[in-house]
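# return atomic coordinates for the entry below.
(4 chains)
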There are 4 protein chains.
Amino acid sequence: MSDVTAVDPAQFYQSLEQANVIPLWKLAASQQTEPKPDEVGYVWHYKDLLPLLRQSVEVVTLGEGAERRAITFKNPGRRFVGATHSLVASLQMLMPGEIAPAHRHSYSALRFMLSGSGAYTVVEGEKIFMEIGDLVLTPNWKWHDHGHEGKTEPMVWLDGLDFPFVNALRPIFYEEVNAAQPVTRPAGESLNSFGAGTVLSLKNRPTTPFSPLCVYKWQPAYEALKKLQATEQDPFDGTVVEYVNPVTGGHVLATTAAYLQLLKPGMHTKAHRHTSSTVYCVAHGSGHSVINGQRHDWERNDIFVVPTWAWHEHVANDEEVVLFSYNDLPMLEPFGFYREQVFQENDGWQEVESHPVELAN
Amino acid sequence: MSDVTAVDPAQFYQSLEQANVIPLWKLAASQQTEPKPDEVGYVWHYKDLLPLLRQSVEVVTLGEGAERRAITFKNPGRRFVGATHSLVASLQMLMPGEIAPAHRHSYSALRFMLSGSGAYTVVEGEKIFMEIGDLVLTPNWKWHDHGHEGKTEPMVWLDGLDFPFVNALRPIFYEEVNAAQPVTRPAGESLNSFGAGTVLSLKNRPTTPFSPLCVYKWQPAYEALKKLQATEQDPFDGTVVEYVNPVTGGHVLATTAAYLQLLKPGMHTKAHRHTSSTVYCVAHGSGHSVINGQRHDWERNDIFVVPTWAWHEHVANDEEVVLFSYNDLPMLEPFGFYREQVFQENDGWQEVESHPVELAN
Amino acid sequence: MSDVTAVDPAQFYQSLEQANVIPLWKLAASQQTEPKPDEVGYVWHYKDLLPLLRQSVEVVTLGEGAERRAITFKNPGRRFVGATHSLVASLQMLMPGEIAPAHRHSYSALRFMLSGSGAYTVVEGEKIFMEIGDLVLTPNWKWHDHGHEGKTEPMVWLDGLDFPFVNALRPIFYEEVNAAQPVTRPAGESLNSFGAGTVLSLKNRPTTPFSPLCVYKWQPAYEALKKLQATEQDPFDGTVVEYVNPVTGGHVLATTAAYLQLLKPGMHTKAHRHTSSTVYCVAHGSGHSVINGQRHDWERNDIFVVPTWAWHEHVANDEEVVLFSYNDLPMLEPFGFYREQVFQENDGWQEVESHPVELAN
Amino acid sequence: MSDVTAVDPAQFYQSLEQANVIPLWKLAASQQTEPKPDEVGYVWHYKDLLPLLRQSVEVVTLGEGAERRAITFKNPGRRFVGATHSLVASLQMLMPGEIAPAHRHSYSALRFMLSGSGAYTVVEGEKIFMEIGDLVLTPNWKWHDHGHEGKTEPMVWLDGLDFPFVNALRPIFYEEVNAAQPVTRPAGESLNSFGAGTVLSLKNRPTTPFSPLCVYKWQPAYEALKKLQATEQDPFDGTVVEYVNPVTGGHVLATTAAYLQLLKPGMHTKAHRHTSSTVYCVAHGSGHSVINGQRHDWERNDIFVVPTWAWHEHVANDEEVVLFSYNDLPMLEPFGFYREQVFQENDGWQEVESHPVELAN
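Just a heads-up that it's a prediction; the model follows:
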C-alpha cells in the first residue's frame, strides 16, 4: 500500500468531510488535561432581580401563554439557559390568587423559598404549603402545580432543575393540563410518613431514586445544622448537612443533591475545587466567595454559582452565614467522575485579582 | 448387587450409626410442612419481676463476679436463654453510683428505658444519658459500659440481644476490661450527626450494617408515631414506625429491627402470622394479645413475645397503647425466609381458648 | 431499699426460675472469648460408605415411605444431623429406573456428582442430566425430583444443604407430590441463558438471591481452575474459584457458597482459621488435612469437614488434588460475622498430635 | 404594585438580558413533549472508509503529532464529533510495527476488532492480543497503548467512546507518556481470573463500576449467542446477549453497555423505540434497518446508528446476521430515564419512505 501515488492532503481531508468523519489527529492538539468549562463564577443579586420580577407581573399573565412566571439564569459563559453546565436556577414569583397550572416532566425540580407566604405546591395530589427556607421537591414525572392563598404579598422562590443534564442525554418528556390537579392525598402525608427521618413508616417505603419526602421544613433543618456545628467543622465548608432521602440515605433527587451550610461569623474557608458544580443561595447573612481568583460579594437571597473544577473559598462577614446549595454530584457518582483537589499554595487561600468582576459588572 | 445375601436391617442400622451417618428416610416421617417452634407466646409481668430485681441488689454486687445485674427471660418452651428462638430479652437494673464495666461482643444489643433517670451508657467513647422511652444501641463489637449519676432511684431497662442467633452461627467473640472506658468523643456527637434523620452530616456517613446513631429519643419517636397515625392505619398493626439507620434507611442493627407501634383506645387488630419473631414491651397503656388462641393480658412495662409463625392479634383497653418491639426480620431477609399469612376465618379474629394461659400461671 | 431483711439466695434463685428468668451473672462465668464449637474435624471415607449405600437398596424402596435414599452425616461432636453446625452433607444413591419424587422446601440444596451416569434432576420444570463433577442447584422452594435413565450402575452424589441453619431460624416449609414433576421448560434453557457467564441473556435476568443457573458443568469449571493456577496462588488455599451467580456475581445460594480448589502435587498450605465452616469433597487425588492439630487422611470421593474457627492446613500427596467444597460464608456476611486469623507459629504449620484421630477410629 | 406606570416590554426584556437572565415564558412555546434529537439514523460503509484509512497512512505518522490513526464519525445531524449525542464511534488503523503510545483519560473506550491480526493493547500493564470479533475494554483512567507485531496487513478496529457524555458533564482528565507502557502483569491474567464467568477467582474481585475483564473473545461469545438462540427469541431484537462484568453482572463500562445480537436469515424484527441510543457494527451478514421510516442498507463491518427515541427495525438478508452494538443505557438507568415504546400500527412495521436516504447519499 506504499507504492501508490502520493495522497493530496487537501483532497484527502475534503473526502473525510464528505464521508461524515473527522480525523482524530486534528482534534488531539486541543486535548485538555483537566476540565476547562466555559461557565464562570457569578452572582445574581436579589435586589437587582426582584424589581424585574415585579415588572414581569405587568408583562405576563399566568395561564395566558405563560405557565410559570420565572426568569432563569444564564451563566455569562454560556449561550443557553443554565446557571452551570448541568443545572438551571430560576427565580419564580407567584401573586396572591394565581394558579400555575399542573404539568410534569422528566427533568426534576427543587424549590427553596425566599420571600412571602401563603403559596403551596400540589405534588402528585398532596398539597404542601411553603414557608421561607423550606425545600420542596418535584421529582421526575411527578405532577405539580402552584397556587397562592395569601392576600397581600407575592411569594418568591428559587427553582433548581437538572434540565441541561437531561437535555444533554435527550430523554425530555413533558405533559400538561391547563388547570390545577385535584388534591387526592391527605395534607401532611409526606411529612407524616417520612419527615421524622430516624423513625419511618413501616408500610410505606417507596424504592424510587428520589426522596418520597416532598418538603423539608426550614426550622428542623436549621436546628440540625446548628447542633452539628457543635461537633463538626470542616476547613473547606464550615458545617454542612445534606438533605437526604430518608428511605435510603441517598440524595434528594436522582440527579441533584441539596445541602445546608453554616459559616461562623468571620469564617474564611480554605480553597479547594471539585468536578461537581454548585448553585448557592444565601439564606442568611452576607459575605463573599473567591472563585478562580475573583471576588464575588453576596447577601441574603443572592444566588451564586461555582462551576466545575473552579477553585473556591467562602468568607462570612461578621455575622452567621447560612448557605443553601444544590449540586450535580449525583450525575457524577455512578460513573466514578467525582474528583477533588485542595489548594496547596499561600496557606490554602487564593490570591484575589485586583479588578474584581463584581466592580466591573 | 442384588444376588447378595439379604441385609439384616438391625445390623445395617447399627453400621450406619457407627459410621456417623443417619438414614434420611428415618427422619422423613417427622417432616414438618410449616414452622412448629417449641417457643410459645408468653408475658413477663413487670410487677412480678421488679421485686426480684430489687432483691438481686442484695445478692449480687457489680464488679465482684457480676458484670451486669440482669435477669434474662427464658421462653417456657425453651431449655436455654431466649425470649424467642433468636432473641434474648433481659431486665437490667443499675443502682445510683454503680458502674457496669466496659466490654464488647460480637452479638448486638439494644436497650429500651423503663424506669428511673440519671444513668448513661458510654458507647465507643461517647457518653449517652438515657431517659424513659429512649432506645439505645450497642452494636456488634462496640465497647460499652453503664454508669448511674443519679442519687435516689435505680434505673431499669429492657435489654434486647441477638445472642441465640449468633450462638447458632458460632462466631461468639468477647472482650472485657474491668473498668469504665474513657469518654473520648464529645457529648451529643451521634445525635448531632445523625439525629435529624432527613438532614445528615455530609462528612460523616459510616457504611456499617448497623446504625451509627446510638440513641433514639422517646419524644421525637412518639411524636412521629402520633403524626403518622393521622394518615396511616393498618388492620394488623395499627400504626407502626421503624427506628432506622438514617444513613441507609435500613434496620438499626444488622440482625434486629426495632418498631414503635400505636393502638387507638379499644382497637382490636386482625390476626396474622409471619416467620419473624417479636419481643414486645408495653410503653404505654394496657390490653391483651391473643397468641395462637390464648389470651395474654399486659400493662405498662410488661414484656411479651410472639414466636415464629404464631397467629396473633392485639386488643387495647380503653386507652391509647404504645408498644415498643424488636424482631428478627433482618436475620430472615437476606435469605428470602420471610413469609406472612392473614387469618381468614371468623372475620379475622382467633377463637380464644376458654382456659387461658394467664389464669393458670 | 437496703434496710430490708436479708434476701435468702436459695429462695431467690428459686423465685427466678419460677418466673421463667435466668440470672445473667450466673452465666457470665462460662463466657467464652472466641468460638468453641462442639463440632470437630472429621473424614467420612467413601470406601466405607459405598457398601452401606448398596445395602440400603435392600432395606429401602423409593416411593414406599422413602423419598430419597440418602445417608446424612452426623458430625461426631453433634447429637443431630449436620456435618457442621450449619450445613448438612449426605450421600445419595439412585438406581437405574428409580424416581425420587418431586418436593420443594425452604432449605436449599446443592449436589456434587461422584459416580455413575444417566441420572437427571428436574428443577422447576427443566430436566438436567448430571455427570461426574457437575454441581447442580435446587434453591429455596424450587420443585425438584430425580430420575435415572441409565441401565447398569447406580448414580451417587453428595447433597449439601443449609438445613441446620434454616432450622435454627425456624422457617421450615415443605411440600411434596408423590410423583415426578412435568418437564415444562426446554432442555438446556438454564445453561443457554446463563452458562457462558461473561455474556448473558439480555432479557432474562432473575433478581433472586440465588443463581438462576441450575447446573455448573465439571469440564469448564476445572479448565477455569487450571488457567487461574497459571496466574494466582494463595498460601492458604492454593488456587480457588468460586461458583457464582452469573447475574450478580454473588454466591450460588443465598445461604451457601461453593468453591473448586486446586493443590499442586505435594503442596502443603499454611494454616489459618475463620468463622465460616466448610464441607470438602475430594474430586481428584489424595492427601490429608491437619485440623486443630489432628491429621485426617483423605482420597477421592471422601468428604471431610472443617468446623468454625478450627485451624486447618491441607497437604497434597504427590499428585494434583482437586477439592470441591461448600461453606456457610453467606450466612455470616450480612451481619459482619466473618473473621479470619493466620497461624503465626512454627512457620505457619500446626504441630500434629502423635495419636491421630484417624488411627483410633 | 399594580398602579405603577406601565412597563415597556421591549425595555423590560433588554433589562433581563443585561441581568443575565432569560424569561422562562419565552422558552415554553418551544416545549417539546418527547425527545426530538438532532441526530439521525445513518450508515458508514466500511468499503468507503477503508480507502480513506489507507490514505491516512500517507498523511499521518504515529508519534509525530498523531497519537492514534483514527477517523471519528460525525452524525450528519451534529456539528461536532459523535455518532450519537452521547457516543463516539471511530475506525482506527494500526500498521505492522507501529506503536500508538500510552495515555489514559476519564472517558472510557471499548474496541471491536474488524480486520487483520497481530496487534495488541496493553491495558494497565497487561498485554492483550486482539483477534477479529474480540471486544477489548479500556475503562476510565486505565493506561493503554497499542502495538502491532504482525508483518503484513494493517489491523482495523472500531473504537467506541463515551466522550460526548463525559464532555457534557465536564470532568475530562487526560494524561499521556510518549511511549508504550511497560508490561507488568502476566499475559492472560484478566482472562484467567474472570474469563470463565460462572466460576471466578475467589481472591481477586475488584469493585470497580466497570468490568475487570479486559477482553471478551469472539468465539465463546458467538457460541453463547448460538446456544441462547435455541431457547430465546425476541420479536424486536432476535436473540441478544450482553457482555457483562462477571464480578457484578453489570454493564462492561460504567457508561456503556455492549451487546451481541443474532438475526436468523430473512428475519424482519418488529419496530420499537427507546431513550437509549445505539451504535451497531455488522459482524456477519448483510441486511438493512428502517430508522424513522428511512431504509439503511448495511453489510459486514459497516457501522450504523439508531438515535434516541427513533423507531427502528432490522431486516436480515438470506443469511445469518450478527450485530455487535454498544449503547448508552447505563447513562440513563441511574436516573430513571429509560423508556421504550412499541410501534403499534401496520402490524408493527414502519412504512418506508419512497426516496430512501441511502440512494441520495
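# per-residue pLDDT, A:Ala179?
A:Ala179 is assigned 87 on the pLDDT scale.
# repeat for the one 3 residues further on
You'll see A:Pro182 listed with a pLDDT of 91.
# cool, A:His355 as well?
Reported pLDDT at A:His355 in the predicted model: 56.
# swap in A:Gln32?
At A:Gln32, the pLDDT value in this model is 87.
# how near is it to chain B?
Distance, A:Gln32 to chain B, using Cβ to the nearest Cβ, to the nearest Å: 30 Å. Just so you know, the C-beta spots here come from the backbone N, C-alpha and C atoms, and that holds for glycine as well.
# what's that residue in contact with, if anything?
Taking Cβ atoms under 8 Å, 6 or more residues apart in numbering or on different chains as the criterion, A:Gln32 is in contact with D:Ile172, D:Tyr174.
# hmm, 10 Å instead?
In this structure, A:Gln32 makes contact with D:Asn167, D:Ile172, D:Phe173, D:Tyr174, judged by Cβ atoms under 10 Å, 6 or more residues apart in numbering or on different chains.
# contacts only, for the second one.
The reference is to D:Ile172. A:31-37, A:275, A:308-309, A:337, D:105-107, D:163, D:166.
# one step back: counting neighbours, which of the contacts of A:Gln32 comes out on top?
Among these, D:Ile172 has the most neighbours (other Cβ atoms under 10 Å in any protein chain shown), with 22 neighbours.
# low-confidence ranges in the stretch 201-350 of chain A?
Applying pLDDT under 70 to the predicted model, the stretch 201-350 of chain A contains no residue that meets it.
# secondary structure element for the residue in the stretch 101-250 of chain A that chain B sits nearest to, which one?
With Cβ to the nearest Cβ as the measure, A:Gly197 is the residue of the stretch 101-250 of chain A nearest to chain B, at 1.5 Å. Here A:Gly197 sits in a region with no helix or strand, counting by DSSP states H and E.
# wait, it sits on A:Val241?
No: at 11.2 Å, A:Gly197 and A:Val241 do not qualify as touching, with contact defined as Cβ atoms under 10 Å.
# now do the shared contacts for those two.
When contacts are counted by Cβ under 10 Å, 6+ apart, A:Gly197 and A:Val241 are jointly contacted by A:Ala224, B:Ala196, B:Thr198, B:Val199, B:Leu200.
# select only the buried ones of the contacts of D:Ile172 in ChimeraX?
Typed into ChimeraX, the next command selects the buried ones out of these (criterion: 16 or more other Cβ atoms under 10 Å in any protein chain shown):
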select /A:35,37,275,308,309,337 /D:105,106,107,163,166
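# just the ones of the contacts of D:Ile172 in helices?
Using DSSP state H, D:Phe163, D:Val166 are the members of those that sit in helices.
# now the strands for the stretch 251-361 of chain A?
Taking DSSP state E, counting those that start in this stretch to define them, one finds strands in the stretch 251-361 of chain A at A:257-263, A:272-274, A:278-284, A:287-291, A:294-298, A:303-306, A:312-316, A:321-327, A:340-342.
# residue contacts, the closest residue to A:Gly125 other than its chain neighbours?
In space, and not counting its chain neighbours, A:Gly125 is closest to A:Thr184: 3.6 Å by Cβ to Cβ, 6 or more residues apart in numbering or on different chains. Contact criterion Cβ under 10 Å, 6+ apart gives A:Val122, A:Glu124, A:Gly125, A:Glu126, A:Lys127 as the residues in contact with A:Thr184.
# now the fourth one: how far from chain C?
Going back to what we said before, that points to A:Glu126. If you measure A:Glu126 against chain C using Cβ to the nearest Cβ, the figure is 31 Å.
# next one: the first one
A:Val122 is 35 Å from chain C, where distance means Cβ to the nearest Cβ.
# right, and that residue touches A:His146 too?
Yes: A:Val122 is in contact with A:His146 according to Cβ under 10 Å; the separation is 7.8 Å.
# any common contacting residues for the two?
Taking Cβ under 10 Å, 6+ apart as the criterion, A:Val122 and A:His146 both touch A:Ala102, A:Thr138, A:Ala180.
# among these, which are in strands?
Among the shared contacts of A:Val122 and A:His146, the ones falling in strands (DSSP state E) are A:Ala102, A:Thr138.
# out of the shared contacts of A:Val122 and A:His146, who's the most crowded?
Of all the shared contacts of A:Val122 and A:His146, A:Thr138 has the most neighbours under the rule other Cβ under 10 Å, reaching 28 neighbours.
# distance of the nearest residue to that residue once chain neighbours are set aside relative to chain D?
On the basis of Cβ to Cβ, 6+ apart, the spatially nearest residue to A:Thr138 that is not a chain neighbour turns out to be A:His144, at 4.1 Å. Look at A:His144 and chain D: by Cβ to the nearest Cβ, they are 15 Å apart.
# contacts only, for the closest residue to A:Leu53 other than its chain neighbours.
Take A:Leu53 and drop its neighbours on the chain: the residue closest to it by Cβ to Cβ, 6+ apart is A:Met93, 4.4 Å away. Contact criterion Cβ under 10 Å, 6+ apart gives A:49-50, A:52-54, A:56-57, A:60, A:68-71, A:114-116, A:119, A:148, A:154-157 as the residues in contact with A:Met93.
# need the pLDDT of A:Met93.
Residue-level confidence at A:Met93 comes out at 97, pLDDT.
# hey, where'd the helices end up in the stretch 1-150 of chain A?
When secondary structure is read from DSSP state H, counting those that start in this stretch, the stretch 1-150 of chain A shows helices at A:9-18, A:24-27, A:46-59.
# I'd like those helices as a markdown table, with mean pLDDT and mean neighbour count appended.
Converted to a markdown table, those look like this (pLDDT from 0 to 100; neighbours: other Cβ atoms under 10 Å in any protein chain shown):
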| stretch | mean pLDDT | mean neighbour count |
| --- | --- | --- |
| helix A:9-18 | 94 | 13 |
| helix A:24-27 | 88 | 18 |
| helix A:46-59 | 95 | 18 |
